[in-house]
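A.B. asks: Sequence and computational prediction follow.
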Amino acid sequence: MSTEQPNIHLEPVAPSVEFMTHAGDTSGRTADHAAWIKDIEERKARSAAFEAKRQQLKSEAPKLEVGHIDAALNALHDADEDFTQSFGKPNTELLTQRQLVAELTARLSEEQAKLDAIEAPR
């Protein structure tokens, strides 16, 4: 056994063209060809398994119904129209309702005063 440690600071050496052609030789005459084919098949199998797992974990696209989008857009358009029609203008409906409430309150207090006046002399 060699106790010599490899020098980790050396530049890595790329495989030679001869090694690559030797390992990929399809003539079957090299000893590395069977191991090379086995390695390629294992890589393909791992890749297929990984792709199948990725497809299982892949989230489905959100299901959007056009009706919901149309309803939301219509509501937004209506709100925009309402805002543009009423912005900076007095809320006449609210003002008339307040005036009606004030009138009814005044009439109620008048009627209550009349009832109190009728019941007081007894």
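C.D. replies: Great, that's in hand.
A.B. asks: just the strands in this protein please.
C.D. replies: In the chain, no segments count as strands under DSSP state E.
A.B. asks: Just name the shakiest helix or strand of it by mean pLDDT.
C.D. replies: Confidence across the helices and strands of the chain bottoms out at helix 17-23, with a mean of 58, counting by mean pLDDT, DSSP states H and E.
A.B. asks: and the top helix by length along the chain, what does it pack onto?
C.D. replies: In the chain, taking DSSP state H as the definition, the longest helix is helix 92-119. Using 3 or more CB pairs under 8 Å, 6 or more residues apart in numbering; DSSP states H and E as the contact test, no helix or strand touches helix 92-119. Yep, even glycine has a C-beta here, placed from its N, CA and C like the rest.
A.B. asks: Average pLDDT for it, rounded please.
C.D. replies: Mean per-residue pLDDT for helix 92-119: 91.
A.B. asks: Then stretch 49-68?
C.D. replies: 83.
A.B. asks: For it, buried residues please.
C.D. replies: By 16 or more other CB atoms under 10 Å, stretch 49-68 has no buried positions at all.
A.B. asks: Endpoint to endpoint, stretch 84-95 covers what distance?
C.D. replies: Distance across stretch 84-95, first residue to last, is 19 Å (CA to CA, to the nearest Å).
A.B. asks: what distance separates it from the middle of the whole chain?
C.D. replies: 38 Å (CA atoms, centre = their mean, to the nearest Å).
A.B. asks: try stretch 91-107
C.D. replies: 48 Å.
A.B. asks: gap between the residue most central in space within the chain and Ala71?
C.D. replies: Of all residues in the chain, the one closest to the mean position by CA atoms, centre = their mean is Pro62, 8.5 Å from it. Distance, Pro62 to Ala71, using CB to CB, to the nearest Å: 17 Å.
A.B. asks: Domain parsing of this structure, as residue ranges.
C.D. replies: 17-56, 91-122 (automatic domain parsing).
A.B. asks: So which of those is nearest His9?
C.D. replies: domain 17-56 (23.6 Å; CB to CB).
A.B. asks: related to what we said a few turns ago, make TSV from the domains of the chain and add distance to Gln85 to it.
C.D. replies: As requested, those are arranged in TSV below (distance: least, CB to CB, whole Å):
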stretch	distance to Gln85
domain 17-56	52
domain 91-122	11
